[in-house]
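Colleague: Below are the sequence and a predicted model for it; my questions follow.
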Amino acid sequence: MSPDTTQLTTNNSSIQGSPDSSRGREPEFPPPPFELPESIVSRKSSQSAMSEALVLSKSPGLIRRLSNRATKFAGRRRQSSTTAMSRDHSTGPVTMRRRSDSTNTAPEGGKAALFSDSDDEYVGDIREEYYYPVGLDGKGDYPSTTASIGSSTVPSATPPPGPVIPKVLLQGTTMMKVTKKKKKLLTFVLESEAAKVCWDKNRPSKSFYIDDIKDIRAGADARNYRQEFGVAAADEPRFFSILYAVPDRSRGKSQQKIMHLIANDDQTFDLWTTTLDAISKHRQDLMASLSSFNDKAVRAYWRTEMNKQFQDKPHLEDEEEIDIVGVERLCRSLHIHGSSSYLRSRFDQADVSRSGRLNFVEFQAFVKLMKRREDVRTIYRELASDLEKGLTSQEFFRFLTDIQFENVEADLAHWEDVFAKFARRSKPKDAVEGETPRMNEAALSSYLISTFNVPLEGQPTADAMNRPLNEYFISSSHNTYLLGRQFAGQSSVEAYISALNRGCRCVEVDCWNGSDGQPVVTHGRTKTTQVSFADVMSTISKYAFVKSPYPLWVSLEVHCNPQQQAIMAEIIKETCGSKLVTQPIDPSAEHLPTPSQLMNRILIKVKKPRNFEDAAAMEQTNGRTRGSSLSSPYVRPIQLDNSTVSAGLLPPSPYSRTYRTFSRGQAKYSGSEGQDSLSSSTSDSESLTEDGVHTKESKAKNKTSNIVKVLGELGVYCAGLKFQGFDSPECKSYNHILSFAENTFDRNTKDAEDKRAVARHNMRYMMRVYPKFHRIYSDNFDPLKYWRRGVQMVALNWQTYDLGMQINDAMFAAGKDQSGYVLKPIELREIKMIPTIPEEAGAGYVKRERKNVTFSIDIISAQQLMRPKGLALNQTVNPYVEVEVYHADDKDKESKGVVGEGGLDASAKDGLSGLGTPHRRRTKIVPDNGFNPIFDNKFNFALTTKYPELVFVRWTVRCSNDGSGYTERGLPIATYTAKLSSLKQGYRTLPLHDNSGDQFLFSTLFCRIKIDPATSIYVNGPETVTSESGRVLKNIGRTVWNRTPMSPKTSVDSGHS
């Protein structure tokens, strides 16, 4: 979505202009006709290797520029061929647009029902209310977790015939293919039956499937590529870039490729860009229509099948019939992986004439049998007092209130409207006028899979973020410029577009000297490619606030010489313009501003410049600092109950003693002045030393940095420091930030006092942790390890969709968390004082507060699961589901973490759970049914935790090899991860994602979720040095305010161990 343009939504995607323009398809441009290729309705039973690979990563394509001149081609029509192609065919799209490559990560709001009966008025009404989802800024869409839950897109009431394919594209047109090495004139042919584009028929690899197109960039959006490849500005109107996915068979995921083309004339340019986009959206819409057994789509399929049978010859309708082979063919093309016996039983039920063939009426009966949800039928029977007539509005509202925990009274008009919409389609044709509307079983089923029943909390109306920036977790990316591995991957602006479109609020830019005197972005000392720094900053500025209006941080890792640093500063100012923060918004403030104060502003994170002194840091004297002076506004409060002390009221120095401190493990220099280590982000980051002597030495040695003033001064609210200890003057400036590699952080926060020191620092100031450079495949760590220490910027490799990234996605997926800012738990923002309670804790002990969290998850069923990659053709899908619970507490003696009941316990051998060790439970295996397996397993979970806000649940769907044994080998079929505090209760349909993070079009899980209110308990803290109450309180004060170098451990400090 463009920040400057209105998004045009379609049934499944969005057509968007460049953030710099308002160009787009004319709203009156009708999608021209096109029939689903033969491969969808009459393909062979065996899938080709390419077809199997396509299941891994399919995202329908959009284009960011559509020519208005293309309307002149709208009237043309062409009869589709009925001759099947002998080459590979795409089996149709199976995933929605990948979240990282789309501005439409959520489905279009209320296009709700997967199994809709094509009630035109019903579908239209829903669309009227929810066609344009509202984001944080009140404009455009905003990510929700499910895309039209159940099908990720609900087909239009009447799927259009399809876009016409101009004959000239079928015959082939010549275009210039541009690479860095050469330009070559090639003939590009659109193969309509195979749904692919090829440029060398003798080499199958020289092609791509339309379903694999992720984006088409043209005009200003492709300008950086045009300039990079030396294409003249005069060719820009005819230059476009196609981003598409190719399977990475070795890792079971997909890789992204980009093809750059120059059309010979404007007409050819318009034909290719508009046609590819129209076909892509039509195929996904039609696939969703068929998969949902939409009535109009079923009729269209029937007509296509009959035309093929009779070869368009005149015939009577009574002669039209379909056999079991045709039904099985349809189910295979729709990825319905049920057993032959299951399909045969449904076929026989519909075959009332016992002829072995179905006429159209019987075929409709077969469709209704396939649509029936036995799991929903059970719920319906529990809710409805009259099964024949259906649910009344009061019964529906009672269901919403008592089971779904929806606040109906708060928005009664909305829920009345929802009931009316679903009840309308329940209305029988012979209904008496004025009869009380009711919701039948089919309507209830449609509601449960609609976007009115999403599994995550929605965006609140009041979402002001008025706490200082340091009190938030911030969605952060590491090596943002990379599309793949950090030692041999490709650097591209696409990676920035991807991250920003997914809501990332801190991107990293690794800057090096360019050979032409212009800075470049790359991972230095590796085989990664490079991209222009100017292009990167232009892209960041353009897409900065597409998904969230809250401030964006640009983390600079600078390796450039002074001359190119000065150029960097000019580029930043020029590209970001008025969005760039160059001065404090309140020069008198001694704390960071709030996210709301910095909406639509860009912040630069860069190391402090040489010869630049922070006035606040220089205020330190040998006596009292300003923060601890008797006249200071930071007056020490006297609080002896369970109240809290705001972190803003704490004195500048949490520790005055000397302990192991963060310092540099290996010197790193800027630009070409010295040798660099392979790790990233170390230009403004430090590690821990083993003693304080080295710290003192490094203080004198590194008094200045290698950053020039004109660049360093851009770090207004994020000045990177070389760490000298938490008691150093620099660490008392409110606008500093410390950065550490994960292994450095881990190695040197094993000591309880160091853990407390880090947590105290992060209550007031900023910190960033990033992956160690040894992660050559760009995998991720567990972000919970660093969130629990209050680290605001936990930077991950967004190009890798592993567990760490799944948890990160879940952290920022619901409500106002979608802004990319999540308010930290109060325990990580304020110090809580709990006095000694001798009668309960025993003499010499203090109490620490913990939360008991209990919840249950019923795994009821799954819908339309995909076949795992590599599953033999003679093997069936035998699914089961694993549920894992992750939390932010270490394993310790007082608790074994999560306790679970139900199903099969598949946790670690010692039964413990904690960081990196989830509690895992499994459902039973449902053999031979990937279409609608019913599990009916209930799991109960209980845990004691310090941070109930940091509990995450992951659902993983796996396939048993033999239908009876469990296995963890191979990749899962699908996953879904959510933060427990973000989940809505009741019966919810969960979207599923593949191993690349793409959301499936129609694969879902159906669960019931119940979460009990958390309850407080108090556990024993460490023993104090005295049992005299006065001295205990004195010790508490000493621990909090650090008046002595060796403070006793009390509950206040122990809370962070």
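Modeller: In hand now; what should we look at?
Colleague: which residues are contacting stretch 317-327?
Modeller: 302, 305-306, 309-310, 343-344, 347, 355-360, 363, 366 (Cβ atoms under 8 Å, 6 or more residues apart in numbering). For every residue, glycine as well, the C-beta is placed using N, CA and C.
Colleague: residues of that stretch that come out buried?
Modeller: Neighbour-count burial for stretch 317-327 flags Glu320, Glu321, Ile322, Ile324, Gly326, Val327 (criterion: 16 or more other Cβ atoms under 10 Å).
Colleague: Tell me the spacing between Phe952 and Arg775.
Modeller: 21 Å (Cβ to Cβ, to the nearest Å).
Colleague: same question for the host helix or strand of Glu395, mean pLDDT?
Modeller: Using DSSP states H and E, Glu395 maps to helix 393-402. Mean pLDDT, helix 393-402: 96.
Colleague: After it, which helix or strand is next?
Modeller: Assigned by DSSP H and E, the successor of helix 393-402 is helix 412-424.
Colleague: That following helix vs helix 393-402, what angle?
Modeller: Angle of helix 412-424 versus helix 393-402, following axes from the mean of the first three to the mean of the last three Cα atoms, to 10 degrees, is 120 degrees.
Colleague: If you count contacts, what does the helix or strand following helix 412-424 end up packed against?
Modeller: For helix 412-424, the succeeding helix or strand toward the C-terminus, using DSSP H and E, is helix 441-448. The contact analysis (3 or more Cβ pairs under 8 Å, 6 or more residues apart in numbering; DSSP states H and E) places helix 441-448 against helix 374-383, helix 412-424.
Colleague: hmm, back to that, TSV for the buried residues of stretch 317-327, including secondary structure and pLDDT?
Modeller: Listed next are the buried residues of stretch 317-327 as TSV, based on DSSP: H, G, I helix; E, B strand; the rest coil; pLDDT from 0 to 100:
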residue	secondary structure	pLDDT
Glu320	coil	88
Glu321	coil	90
Ile322	strand	89
Ile324	helix	90
Gly326	helix	85
Val327	helix	86
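Colleague: Residue ranges in the stretch 901-1050 of the chain under the pLDDT threshold?
Modeller: Applying pLDDT under 70 to the stretch 901-1050 of the chain flags residues 908-916, 1021-1050.
Colleague: what does the helix holding Glu395 rub up against?
Modeller: Leu383, Ala384, Ser385, Leu391, Glu406, Val408, Trp415, Glu416, Phe419, Ala423, Pro437, Met439.
Colleague: how far off helix 374-383 does the host helix or strand of Phe935 point, in degrees?
Modeller: Assessed by DSSP H and E, Phe935 sits inside strand 934-945. Relative orientation of strand 934-945 versus helix 374-383 (the same axes, to 10 degrees): 70 degrees.
Colleague: Give the pairing partners of strand 934-945; include direction for each.
Modeller: strand 847-863 (antiparallel), strand 899-901 (antiparallel) (DSSP bridges).
Colleague: Isn't Leu483 up against Ile497?
Modeller: No. Checked against Cβ atoms under 8 Å, the pair Leu483 and Ile497 is beyond contact range at 10.9 Å.
Colleague: Pick out whichever of these two has more residues nearby.
Modeller: Ile497 (25 against 20; other Cβ atoms under 10 Å).
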